[in-house]
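# what follows is a protein structure lacking sequence information:
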Ligand SMILES: C[S@@+](CC[C@H](N)C(=O)[O-])C[C@H]1O[C@@H](n2cnc3c(N)ncnc32)[C@H](O)[C@@H]1O
């Protein structure tokens, strides 16, 4: 784990900060080979991208009562960012789908799908980097200003997930991100649908 002064500001004290992904033991050789094979048409991480804290963003506690994640944190831009800019990688534990019951990642609010065919995901619940603090745009802004899009790490020869400023022309809306603005993606309806179902089931259980 990096020394304290190489951690991003506001990083939670007891959460391991990762500069490269950690690989779960659940990954079998076919998963590893899928992770180490570059798919066509995915962008490389820009070669000058530093490992460790990203100077384009800052983790910021949210203390705005009208913000739906009030009391939690969000990720904010420290500079103006042009449409299509690579911001940082989403780093966490890379894992395969699990036969365990319960699935150790099914309840995580930080688990992102990386590769569907083998069920590979990246879970930043228990360790990760600044990207784990990116909130969903719903209830915060009219639309997202960033997106998760796969990237290839040429140095490590591995697939990963990147956070990119929405490009110009994507839904005609990519205008870039201004300094001080919150970085917001769309988690997708599936994320919120799954939580609605879980909460609904919990409410039903409570009523029994
Ligand atoms: C990946 S985390 C985002 C970072 C989180 N705010 C934190 O401080 O750790 C996802 C969680 O953030 C919260 N969240 C993110 N976007 C939200 C939104 N638009 N409305 C309500 N809650 C949101 C929810 O609790 C969600 O489960």
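Perfect, thanks for sending it. If you're wondering where the values come from, they're calculated on a predicted model, not measured in any experiment.

# now do stretch 108-118: distance from first to last residue.
19 Å (Cα to Cα, to the nearest Å).

# so which bits of that stretch are buried?
108, 110-112, 114-115, 118 (16 or more other Cβ atoms under 10 Å). The C-beta positions use only the backbone N, C-alpha and C, and glycine is treated the same way.

# ditto for stretch 47-66
Buried residues in stretch 47-66 (16+ other Cβ under 10 Å): 49, 53-54, 56-59, 62.

# just those residues now: which is nearest the ligand?
residue 62 (7.2 Å; Cβ to the nearest ligand atom).

# so the closest one versus residue 160, what's the distance?
Between residue 62 and residue 160 the computed distance is 27 Å (Cβ to Cβ, to the nearest Å).

# which of the buried residues of stretch 108-118 come close to the ligand?
Near the ligand, judged by Cβ under 6 Å from any ligand atom, the entries from those are residue 110.

# now, which of the buried residues of stretch 108-118 lie within strands?
Counting by DSSP state E, the buried residues of stretch 108-118 place 111-112, 114-115 in strands.

# format those residues as TSV; extra columns: pLDDT.
Putting those into TSV (pLDDT from 0 to 100) gives the following:
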residue	pLDDT
111	96
112	95
114	96
115	94
